[in-house]
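**Q** give me a 3D structure for the following:
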Amino acid sequence: MPVPPVGARIREERLKRGVTLRALARAVGVSASMVSQIETGKSQPSVSTLYAITQSLGISIEDVFNATPGDIPPPEPAPPAASPVPQPAAAPAMVVTVPSPGPEDAAPLPAAPHAAPVEGAGDEAAADGKAVSSAAAETLSFMGPLLRSGEREVLELESGVTWERLGHVPGTNVDFLLVTYAPGGSSSGSGKLMRHGGVEHGYLLEGELTLTLGFETHRMRPGDSVSFPSATPHRYHNEGDVPAVGVWFVHDTETPWPPAH
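**A** Sure thing, here's the model as predicted:
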């Protein structure tokens with residue numbers, strides 16, 4: 001099954017906006033080294049961290065799935081040394097862990113959804129958007145009308161959660177997913193509740209899943225379904241000893257979160 005280059009897509013969108021690793025890390029509430037590891041594919045984000053990153057960059061979950069090799073920018077050059085004398089290699093950057101709030105409180109970075117590349121952010125980033133023709137991009141992003149089981153993109157997230165993309169129609173901000181929570185799996189590794197724009201609907205096929213929704217807790221069993229605004233703080237957790245599998249339909253209504261005051 002294909003694996004979407006989620007980390008590379010996050011990095012591409014970050015560069016388009018001229019956002020540094022540390023700035024994105026501060027907005028999301030994780031360390032800069034964590035963002036770097038996600039971008040390079042050395043680690044995977046949790047569900048809540050992935051939503052926080054996409055919200056901060058002003059993109060949807062669907063956006064991180066859609067990419068072709070031409071979209072992915074090459075690795076960033078090492079920062080120049082402080083001395084004007086040319087150096088054979090820059091010293092390793094110091095890893096800084098920022099004690100910020102959790103992903104559910106992440107504040108969006110100052111960039112509009114689907115913003116154009118930031119002027120002066122560099123030729124590499126500006127050229128990324130021109131790397132693939134619109135026809136090729138549309139062919140890649142359209143998944144259907146029939147998608148075989150072996151053709152689905154599979155994203156394994158942190159904390160025992162797996163997403164399988166069941167289909168996509170260009171121009172729609174809809175996450176149509178087969179979601180699996182391994183025993184002990186959770187949408188948030190820290191145990192905190194997450195929130196994001198849009199609405200979501202879920203139908204459980206196998207196992208049991210605990211949904212914390214605001215101040216209430218619901219136990220989902222096979223055949224049960226849920227529907228609620230995604231801005232309501234929530235968390236999914238599999239407390240059983242068998243995988244919990246369900247179909248989730250999340251519609252990104254493009255409502256910014258957190259809302260403007």
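**Q** residue contacts, the residue nearest to Gly189 when sequence neighbours are not counted?
**A** Counting by Cβ to Cβ, 6 or more residues apart in numbering, the nearest residue to Gly189 once its immediate chain neighbours are dropped is Ser159, at 4.2 Å. (C-beta placed from N, C-alpha, C; glycine too.) The contact partners of Ser159, taken as Cβ atoms under 8 Å, 6 or more residues apart in numbering, are 46-47, 185-189.
**Q** which ones among these are found in helices?
**A** Using DSSP state H, the subset of the contacts of Ser159 located in helices is Val47.
**Q** just name the closest of the contacts of Ser159 to Glu206, please.
**A** Closest to Glu206 out of the contacts of Ser159 is Gly185 (13.2 Å), distances taken as Cβ to Cβ.
**Q** wait, Val35 touches Val28, no?
**A** Yes. With contact defined as Cβ atoms under 8 Å, Val35 reaches Val28; the gap is 7.2 Å.
**Q** could you report the separation of Thr253 from Val169?
**A** 16 Å (Cβ to Cβ, to the nearest Å).
**Q** typo on my end, it should be Leu209
**A** 27 Å.
**Q** and Thr54, by the same measure?
**A** 19 Å.
**Q** and these two? which has more neighbours close in?
**A** Thr54 (25 against 13; other Cβ atoms under 10 Å).
**Q** how about the more buried one, secondary structure?
**A** The local conformation at Thr54, judged by DSSP: H, G, I helix; E, B strand; the rest coil, is helix.
**Q** for it, what are its contacts?
**A** By Cβ under 8 Å, 6+ apart, the contact set of Thr54 is 10, 60-61, 63-64.
**Q** quick one: the strands in the stretch 151-261 of the chain?
**A** Assigned by DSSP state E, counting those that start in this stretch, the stretch 151-261 of the chain shows strands spanning 154-157, 161-167, 174-181, 199-206, 209-213, 216-220, 225-229, 234-237, 244-251.
**Q** please consider this matter closed, and thank you.
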